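Undergrad: take a look and give me a structure for this.
(one chain, ligands or ions: 1)
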Amino acid sequence: MNYLIMALIAVALYWAVRKRLRRSPRRRSAPVVSSGVRPNIGIPMTAAESQDERAFNEKVFQQLERNLVASGYFEPARLPKLMADLRQGLVPFGRVSVRAAVAGDRFLDVSEKRALGLNSRRQYAARFIDYFKPECLSQIEPRSALENLFLDASHRMSRLRELQRFKVAGSVDGVTILSSGCAAAAKMKGRYNLDRPPELPRPDCEASFCGCLYQPVIKDHV
Ligand SMILES: [Zn+2]
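TA: Here you go, the predicted structure:
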């Protein structure tokens with residue numbers, strides 16, 4: 001718990017420093033504060049930061065494509081079209097939207113839904129359901145299955161980015177694992193080296209998507 005308090009103090013200090021920087025526009029061009037942490041939230045994005053954001057989104061999409069393939073739910077021939085749909089829903093900062101993928105102008109009728117094993121009270125566009133292998137539809141709820149695969153890609157890449165930022169910050173000594181309720185991550189007690197942290201999500205995680213996090217351990221003497 002001490003680490004949590006130290007992390008909170010570090011965040012409070014960080015915001016205090018940032019507030020001062022914002023008041024003085026001249027100093028925006030040199031946003032490196034004494035702790036060595038480079039502020040990167042709250043101010044308009046620089047060209048380099050929006051470049052970073054685009055690169056990050058690209059990594060999320062590459063991971064998403066791997067997730068879609070690994071799930072086995074989708075018709076391989078239709079994956080490129082599904083990926084194109086999902087890219088249309090792309091919004092900055094990793095907010096997940098599957099709206100463009102689930103949209104359509106013809107919806108399945110009750111008998112079609114029953115034949116596929118789908119919940120007959122929910123609305124499904126025929127175009128969306130075509131992305132799936134029919135034999136999988138009775139085992140999943142297609143929309144949440146897709147959302148979870150997207151969330152997983154986004155969280156997985158965010159965690160890797162966080163680790164990278166902890167390394168750059170220089171004030172982070174290691175990480176602990178903050179479980180979002182899953183037993184697999186709750187077992188991971190103790191502090192881990194930044195260069196060799198355990199993989200998140202844990203391979204035996206049972207959540208539909210894992211929300212567990214790396215929590216930075218701040219160095220005693222910065
Ligand atoms: Zn988990």
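Undergrad: so residue 215: helix, strand or coil?
TA: Secondary structure, DSSP: H, G, I helix; E, B strand; the rest coil: residue 215 is strand.
Undergrad: and the next helix or strand past the biggest helix by length in the chain?
TA: Counting residues, the longest helix found in the chain (DSSP state H) is helix 142-169. Sequence-wise, the next helix or strand downstream of helix 142-169 (DSSP states H and E) is strand 172-178.
Undergrad: the longest helix of the chain and the ion, any residue contact?
TA: No. Helix 142-169 stays clear of the ion (Cβ under 5 Å from the ion), getting no nearer than 9.6 Å. In this view, the C-beta of every residue, glycine as well, is placed from N, C-alpha and C.
Undergrad: so which bits of that helix are buried?
TA: 142, 145-163, 166, 169 (16 or more other Cβ atoms under 10 Å).
Undergrad: ok, the closest residue to residue 114 other than its chain neighbours - contacts?
TA: Once flanking residues are discounted, residue 114 sits nearest to residue 120: 5.6 Å by Cβ to Cβ, 6 or more residues apart in numbering. Residues in contact with residue 120 (Cβ atoms under 8 Å, 6 or more residues apart in numbering) are 110, 113, 114.
Undergrad: can you select the buried ones among those for me in ChimeraX?
TA: Of those, the buried ones can be selected in ChimeraX as follows, counting by 16+ other Cβ under 10 Å:
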select :113
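Undergrad: if we can go back for a sec, mind checking how far the residue nearest to residue 114 is from residue 136?
TA: Note on residue 120: its distance to residue 136, by Cβ to Cβ, to the nearest Å, is 17 Å.
Undergrad: spell out which parts of the chain neighbour the ion.
TA: 182, 185, 201, 205, 207, 210, 212.
Undergrad: redo the residues you listed as a markdown table? Include distance to residue 58, neighbour count and secondary structure.
TA: Listed next are those as a markdown table, based on distance: Cβ to Cβ, whole Å; neighbours: other Cβ atoms under 10 Å; DSSP: H, G, I helix; E, B strand; the rest coil:
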| residue | distance to residue 58 | neighbour count | secondary structure |
| --- | --- | --- | --- |
| 182 | 28 | 17 | coil |
| 185 | 27 | 22 | helix |
| 201 | 21 | 20 | coil |
| 205 | 25 | 20 | coil |
| 207 | 26 | 18 | coil |
| 210 | 22 | 23 | coil |
| 212 | 24 | 22 | coil |
